[in-house]
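K.L.:
need a 3D model of the sequence below.
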Amino acid sequence: MNAPERHQLITALVTAVTALFLIAGLPQFARWRLVMRRAVIVGYLCALGLALVEVAVWLSSGTR
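P.N.:
Below is the predicted model of the structure:
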């Protein structure tokens with residue numbers, strides 16, 4: 001997997017998690033709001049972790 005594909009993967013994850021956050025605010029999902037918001041937090045942390053790993057790999061590779 002090359003760099004643009006990894007970046008698109010992280011972007012897709014953040015977009016999906018943002019959509020889940022917005023859906024959690026709808027009245028028909030009030031019962032699941034807390035669970036969905038917790039899933040959003042976990043999703044954002046995963047995306048952040050992936051982005052930080054990507055930066056660490058990039059910095060350690062020497063091809064800046």
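K.L.:
what helices or strands is the longest helix along the chain leaning on?
P.N.:
Ordering each helix of the chain by length in residues (DSSP state H) puts helix 33-61 first. For helix 33-61, the packing partners by 3 or more C-beta pairs under 8 Å, 6 or more residues apart in numbering; DSSP states H and E come out as helix 3-24. (Each C-beta comes from the backbone N, C-alpha and C, glycine too.)
K.L.:
and residue 7, how far is that from residue 13?
P.N.:
Relative to residue 13, residue 7 is positioned 11 Å away (C-beta to C-beta, to the nearest Å).
K.L.:
average pLDDT for the longest helix of the chain?
P.N.:
Averaged across helix 33-61, pLDDT comes to 91.
K.L.:
next, the angle helix 3-24 makes with it.
P.N.:
Interaxial angle, helix 33-61 versus helix 3-24 (axes from the mean of the first three to the mean of the last three C-alpha atoms, to 10 degrees): 160 degrees.
K.L.:
quick one: distance of helix 33-61 to the chain centre.
P.N.:
Offset of helix 33-61 from its chain centre (C-alpha atoms, centre = their mean, to the nearest Å): 5 Å.
K.L.:
buried sites along it?
P.N.:
Going by neighbour count (16 or more other C-beta atoms under 10 Å), the buried part of helix 33-61 is 36, 40, 43, 47, 50.
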